[in-house]
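*Asks:* Have a look at this prediction, sequence included:
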Amino acid sequence: MEESEGYFGPLYQYIADDEITDVDVAGTPPQVWITSTKNERIRATECHITREFLEQFSKRVANTVSRPFNKAEPVLEAETDKLRITVVHESAAINGRVVCIRKSLPRVRLTEEDMIMSGYAKKEVIDLLKNCVRSRLNIVFTGEPASGKTECAKFFSSFIPAGDRVITIEDSPELHYSHIRQDADCVELKVGEQMDYTRAIKTCLRLNPKWMMLSETRSKEVIYLVEGFSTGVRGMTTLHTDDVRKVPDRMVNMAGQSREESRLENDIYSFINVAVMIRRRQVTDEDGNQKIKRFIDQICFFERKDGKNRSVMVVDEGRILDEALPSDAQKKMERAGIQDPFSYMEDQI
C-alpha cells in the first residue's frame with residue numbers, strides 16, 4: 001500500500017502528520033474526525049470528503065489486499081507497518097460508509113518528562129513499573145478500548161535489558177519493538193490465517209525467548225500464555241477490563257470451559273505478577289476546552305502464597321496506597337539489586 005497523496009487523497013495530510021493518531025470518516029454527508037497525540041478529538045471541517053472519493057478509496061484498498069468489498073462482504077481490513085485501515089460498507093452502517101485509519105508509529109510516543117508534567121503518572125509510579133521490568137515481573141496492561149494500553153506497554157518495554165531475547169506476537173504491527181530497540185535481540189511473529197495466537201505462543205516458546213510480548217490477550221490463548229510464563233519466560237500483554245482486580249476473573253472467563261477454572265485461577269495468581277490500569281477521562285482545560293486525559297490509575301500485584309490467592313492494590317487513582325509489596329515481588333526486586341521499589345537507579349545491576 002502506497003502511503004501517498006494519490007492513494008489517500010484529502011486524507012493524506014493527516015496520514016503524513018505524526019501528531020495525528022486516528023483518522024475517522026463517517027456520516028452522510030461524510031464527516032472527518034481526527035485524534036491527536038495530545039488526546040484531542042477534533043472534527044476536521046476543512047477536509048471535504050465525497051461519497052465518490054470513499055468509493056474510489058475503498059476500491060483501492062480492496063485491490064491492494066485482493067479482497068471483495070460489497071453487501072455480502074461488508075467489512076474490509078488492511079494494514080501497513082504503520083497503519084491499520086477498516087472500511088465498513090453502507091449496507092452494514094446505518095449512517096453511511098465508515099473508514100477508520102489507526103496509526104501506530106515505530107517510536108515511543110510517551111516520554112517520562114511528559115508523563116510527569118501531564119499528570120499521566122507520578123515519578124514514583126513510573127519508577128515502580130521500571131523496577132518491575134528490571135525484576136522481570138510479568139505485567140498486564142489493562143484498560144478500556146482506546147485507553148492507550150499498547151503505548152504504555154511500548155514505553156516500559158524499552159527498559160527490558162538489550163541482551164534479553166524478546167519475541168513479539170501481534171496480528172497488526174503496533175509494538176514495533178525491533179524499531180524502538182534496534183540494539184535488541186528480537187523476533188516478531190505475525191498472527192493471521194496461517195498462525196493463530198495459540199500456535200504463535202507455542203512457536204514462541206521454541207525460539208529461546210527471555211520475554212514474550214503478546215499485543216493483546218483476547219480468548220483461549222490465555223491458557224498458553226500463562227503456561228508459557230510458568231516455564232520462566234517473562235512477558236507483557238494487554239487486555240480489556242475496567243479494574244485491575246478483575247484481571248484473574250477476566251482471564252478465567254477467556255479460557256472458557258477448556259480447563260479446570262480453579263487450577264487456571266491459581267496459575268494466574270502465581271505467574272501474573274502485576275496489572276496496570278490506564279484510564280481515559282474527559283477533562284476541561286484552563287480555556288474551557290474539552291480534552292481527553294490518559295493516566296495510570298491503578299497498579300495491583302498478584303500473589304499465591306501458602307495455598308491462598310492474594311491481590312495487593314499499590315496504586316489507586318494515581319496515588320500510592322501502600323509501599324509494602326507482596327513478598328514474592330519484593331524478593332525478586334531484591335535479587336535484581338533494587339532496594340527501594342519506588343526509586344529507579346540507572347546503575348542498578
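*Replies:* The structure has been received and is ready for your questions. Numbering: from 1, shown residues only.
*Asks:* any weak-confidence spans in the protein?
*Replies:* Applying pLDDT under 70 to the chain flags the ranges 257-259, 323, 347-349.
*Asks:* Quick check: can you list the domain ranges of it?
*Replies:* As recorded under automatic domain parsing, the domains making up the chain are 5-103, 112-335.
*Asks:* Pipe the ones you listed into JSON lines and attach mean neighbour count per row.
*Replies:* Quick note: C-beta positions are derived from backbone N, CA and C, even for glycine. Below are those laid out as JSON lines (neighbours: other CB atoms under 10 Å):
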{"stretch": "domain 5-103", "mean neighbour count": "16"}
{"stretch": "domain 112-335", "mean neighbour count": "18"}
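*Asks:* what pairs with the longest strand belonging to the chain, and is each one parallel or antiparallel?
*Replies:* Ranked by residue count and defined by DSSP state E, the top strand of the chain is strand 290-305. For strand 290-305, the paired strands and their directions (DSSP bridges) read strand 274-284 (antiparallel), strand 308-316 (antiparallel).
*Asks:* from the middle of its chain, how far away would that strand be?
*Replies:* A distance of 14 Å separates the C-alpha centroid of strand 290-305 from that of its chain, computed with CA atoms, centre = their mean, to the nearest Å.
*Asks:* Test my guess that I49 contacts V23.
*Replies:* No - counting by CB atoms under 8 Å, I49 does not reach V23; the two are 10.5 Å apart.
*Asks:* Which neighbours do those two have in common?
*Replies:* Common contact partners of I49 and V23 (CB atoms under 8 Å, 6 or more residues apart in numbering): L11, V32.
*Asks:* Could you check how far the residue nearest the centre of the chain is from D114?
*Replies:* When CA atoms, centre = their mean is applied to the chain, the residue found nearest the centroid is T150 (2.1 Å). Using CB to CB, to the nearest Å, T150 is found at 17 Å from D114.
*Asks:* With K71 instead?
*Replies:* Counting by CB to CB - K71 and D114 are separated by 46 Å.
*Asks:* for C204, same thing?
*Replies:* Separation of C204 from D114 (CB to CB): 32 Å.
*Asks:* so after the strand or helix carrying G228, what's the next helix or strand?
*Replies:* If you go by DSSP states H and E, G228 is part of helix 221-230. Next in sequence after helix 221-230, counting helices and strands by DSSP H and E, comes strand 234-240.
*Asks:* So which residues of this structure form helices?
*Replies:* 5-8, 12-15, 51-65, 112-118, 123-134, 149-157, 177-180, 197-204, 221-230, 247-255, 261-271, 327-335 (DSSP state H).
*Asks:* That'll do, ta.
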